[in-house]
Structures are given as C-alpha cells and as structure tokens.
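**Q** build me a model from this:
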Amino acid sequence: MTESQIAHKRRHFSQKVQDIPSSGIRHFFELIANMDGCISLGVGEPDFVTPEQFTRAAFDSVRRGETHYTSNYGLPQLREAIAAHLDRLYGVRYDPRNEIIVTIGVSEALLLATHALLDPGDELLAPDPYYVAYLPCCVLAGGKFVTVPTHMENDFRVSAADLETAITPRTKAILLGYPSNPTGAQMTREDLAEIADLAARRDLVVISDEIYDRLSYGIEHTCFASLPGMKERTVLLGGFSKAYAMTGWRVGWVCAPSDILEAMMKIHQYIVMSAPTPSQYAALEALRSGEEHTQRFVAEFDARRRLIVAGLRDIGLTTFEPKGAFYAFPSVRSTGLSDMEFAERLLDEEKVAVIPGSAFGECGRGHVRMCYATPQPLIEEALERIGRFVRRL
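**A** A predicted model of the protein is given here:
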C-alpha cells in the first residue's frame, strides 16, 4: 500500500483514535497465544476459579427468569450491598439510590468518569507508571493526560508536592490508582491526606481507582473518599474482578456525589443500558458470602508475593517490595537490555512472558511487570528460567 493510500485510509478514522497508542500488553498476549510450554507472568487476573456459590447464584437467577434489563443504576439489592460493604470496610456512606452505578467492570466506570468530567483540553493528572487504560480514556474524552513521575527509590508513591507542580489553570482532576497496576505500590493514609488537602485547596476532583483495595499487604488500605471532606469531590471506582476472582463476569461499580453520578448516568444509559443481569446476581452473592474466599485469596497472593520478590533479588534484579495488587516490578537495567529487549528475549529463549515497563509510561522504562497471580510451582519454575536467562547475560 502506498503512502497516499495509507493517508487516505486514515482520513476515515477520528484523530482521537489515531492518538491512542497500541497496547504493549496485547502485543505479548498475541506472541504467547500459541506457544507451548510458556509460563505467563503477564495476565493481570487471579488464577482462581470463581467460587461455586457465586456461579450458582447467577444460574439460579436465570432459572427464575431474571434475564431482563435491570435498572440503569443496577440491581437495587446489589447497590445496597455495595453501600453496606463500603460502610463496613471504610466508614464511607453512599446512598444506593443515586450515588452508585453498577458498571461493566472498572473499565467502564473509568470511561464514564473521564467523559463526564473532562472538556476538550482539560488536564487529568496521573502518577507515572500508570495502568494502560488511563491515557486512552482521557484522550477519548478530549482531555490532556499529564503524568507525574514516581520512582522505585520512593516505592513508586506519588507525593502531593509533585502533583502540585504539575497543576495548571486547565487541570480538572487527579487520577489515582492504588494499590497500583503495574508497580504494586500502595499509599499510606498520610500520603493520601496530603493529596486530599491539595485537591481541596485547588478545587480538583479525584478519580480513585481502588479495584485492588482488598489486596494490600502490611499497609492498611485507605479509601480516598473516606478522608475528611473528600466524599464530595471523589469518584470512587471498585469492583469484583480481583478480590473475588470474577474477571470474566465484568461487574464493577462507581460511587460519586449525586450530581457527578447523574452526569455519568447520561453516558451509561445510552452505551450500556445495564450490566449483565446474571453477573449482578453473582456479584451480590460475592458480597453476601465471599469474605472467606477473599481472605484466602489474599493470603495466597501474599505468599506468592514474598516468593517472587525473594527469588528476583536472589537472581540479582533490583526489586522493591510491592505492598498491594499482585505485581512485582523489578528493574532490568543491570542486564544491559532495555525492558522491551529483556521481555522479548526472555520469551524467545526461556518461554517466560513478562510485560515491558515502558508499556505503562516513561517511568516504567527499564522495568518489567511480573504478575504473581499464578500457582507457586509455576512461579518457582519461572524464577529458575529467569535466573538462567540473566546468568547468560
């Protein structure tokens, strides 16, 4: 195809779509799809099967004929359960009638938040490294994505002071994602209190992506909306994928003050209508009876976390101790390879899949993301292969 033909085809696509980068994660998923004997530390989802009673609740709902749309906001009893769940864990109270929407995962919730809050040219601040969907959701909403660097030396925690240096008259909101994908970083209550003070002083909205809230190790998770005065300026994102092993069910939630929530509802009702009805019943059962399973999952992830961090350090890869989620984020600079070269050669030579850190922003460069949501024997085998690879270098 000639350059003029390519240019002609591009005219069919919106500039916003052309401005979105291709996913660095998808590239590696395609590489390993048909690779026998590959150990994947790339997919960011629990290896556990959804607990049987959640699945049974979904099938029971279908047998009862619950196969129609729910309210646009979601099942009333699920919204009530989400409100009670957040009150019990964090002491933050949401009105299930007009402050909660059940969404198709946190991905939809994030899209709703950016589209409801950002006008063209508005700036959204976010720590770098960041989850791959953050930039595209901002760009699709017409906003400008402004990154604030974080570094391994400070456990990839963002400071209020660094955020403030990036604020301009066009800054509209701050997007936080802690515990962090990809780094595994977690914020202290003191860290977040300083950001809360900044948001209040500069009249900013905070979008707080807390999908990994239950997966926190050694640092008690602080729900941003629970900080004094923050519920009125926080869009809280959460869901069932990580702590309840329900990634494929696609159920999340967004909680916000009623005026912000109604703005998001205008978008949600036209592009989605409502989250899948059987999935909502499975999620309801997860909140009713799933705590024992969550505690078991977290304990297992913690054991795997300690295993992979110790193993990577023994290999000689500098690795800070992740305090949340299920990711390790070692530096590979000591190998002399870029993060992309390291990931591609490790996959080719030892059949271990990891994700280059540069897929998550400029501050991820020189690191790779390793997901330890995989059985311990496979982690041990992966560490052995990584060790062989690094020794050859």
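**Q** helices or strands up against the strand or helix carrying residue 88?
**A** According to DSSP states H and E, residue 88 maps onto helix 76-90. Counting contacts by 3 or more C-beta pairs under 8 Å, 6 or more residues apart in numbering; DSSP states H and E, helix 76-90 packs against strand 100-103, strand 234-239, strand 252-255, helix 277-289. Backbone N, C-alpha and C define where each C-beta goes, glycine included.
**Q** nearest to residue 88, of the ones you listed?
**A** Closest to residue 88 of the helices and strands packed on helix 76-90, according to C-beta to C-beta: helix 277-289, at 10.0 Å.
**Q** which residues are contacting that closest one?
**A** For helix 277-289, contacts defined as C-beta atoms under 8 Å, 6 or more residues apart in numbering pick out 50-51, 53-62, 66-70, 74-75, 77-78, 81-82, 84-85, 102, 240, 244, 246, 249-251.
**Q** after it, which helix or strand is next?
**A** Next element after helix 277-289 (DSSP H and E): helix 291-315.
**Q** quick check: next helix or strand after that next one?
**A** Using DSSP H and E, the helix or strand that follows helix 291-315 in sequence is strand 327-328.
**Q** find the nearest non-adjacent residue to residue 260, please.
**A** residue 235 (6.2 Å; C-beta to C-beta, 6 or more residues apart in numbering).
**Q** surely the one you found and residue 209 touch.
**A** No - at 9.3 Å, residue 235 and residue 209 do not qualify as touching, with contact defined as C-beta atoms under 8 Å.
**Q** correct me, but residue 180 touches residue 325?
**A** Yes - between residue 180 and residue 325 there is a contact at 6.3 Å, judged by C-beta under 8 Å.
**Q** now the nearest residue to residue 160 once chain neighbours are set aside: which helix or strand?
**A** Excluding its sequence neighbours, the residue lying closest to residue 160 (C-beta to C-beta, 6+ apart) is residue 194, at 3.8 Å. Residue 194 is part of helix 189-201, with elements assigned from DSSP H and E.
**Q** list the buried residues in that helix.
**A** 191-196, 198-200 (16 or more other C-beta atoms under 10 Å).
**Q** distance-wise, check the most centrally placed residue in the chain relative to residue 211.
**A** Nearest to the geometric centre of the chain sits residue 181, at 5.3 Å (C-alpha atoms, centre = their mean). Distance of residue 181 to residue 211, given as C-beta to C-beta, to the nearest Å: 8 Å.
**Q** I'd like to know how far residue 316 sits from residue 391.
**A** From residue 316 across to residue 391, the span is 9 Å (C-beta to C-beta).
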